[in-house]
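1. after the sequence you'll find the predicted model.
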Amino acid sequence: MSVFNDLKASLEEALAVEKGLKKAHRVTSYEVADVKAIRAQLNVSQVEFAAALGTSVDTIKSWEKRRRNPTGLAAKVLATIKDNPAVYLELANH
């Protein structure tokens with residue numbers, strides 16, 4: 001099968017799933033971190049939180065207002081901090 005035919009078949013399958021004619025083989029979902037709640041749980045300012053994560057205060061503000069979502073390593077670090085707040089202290093001390 002050519003790349004074109006593979007892509008066409010994939011798009012046709014996606015349309016069938018969207019229309020409810022076919023069930024998706026795999027569903028991937030991501031939980032978006034509630035950055036404001038995590039920061040409130042830690043009782044730290046946006047400035048302190050940004051410094052510990054090595055990012056800007058503007059990024060923290062964007063995450064908290066949900067204009068942007070943390071991705072990649074930042075998302076994993078936030079999930080880890082949520083589950084184990086002691087990790088934040090480790091990051092803040094480095």
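-> Alright, I've got the coordinates. Numbers count the residues shown, from 1 in each chain.

2. using the three-state scheme, assign residue 21.
-> coil (DSSP: H, G, I helix; E, B strand; the rest coil).

3. how near is it to residue 8?
-> Relative to residue 8, residue 21 is positioned 17 Å away (criterion: C-beta to C-beta, to the nearest Å). Bear in mind the C-beta positions are built from the backbone N, C-alpha and C, glycine included.

4. higher neighbour count, these two?
-> residue 8 (12 against 9; other C-beta atoms under 10 Å).

5. per-residue pLDDT, that one?
-> In this model, residue 8 is scored at 90, pLDDT.

6. and the chain, what are its domain boundaries?
-> Following automatic domain parsing, one finds the domains of the chain at 1-30, 35-92.

7. next SSE after the lowest-mean-pLDDT helix or strand in the chain?
-> Sorting the helices and strands of the chain by mean pLDDT, DSSP states H and E puts helix 3-18 at the bottom, at a mean of 89. Scanning forward in sequence from helix 3-18 by DSSP states H and E, the next helix or strand is helix 35-42.

8. contacts for that following helix?
-> Residues outside helix 35-42 that contact it (C-beta atoms under 8 Å, 6 or more residues apart in numbering) are 46, 49, 60, 63, 64, 70, 78, 81, 82, 85, 88.

9. from the domains of the chain, which stretch is densest packed?
-> Stretch with highest mean neighbour count among the domains of the chain: domain 35-92 (a mean of 15; mean count of other C-beta atoms under 10 Å).

10. okay then, goodbye and thanks.
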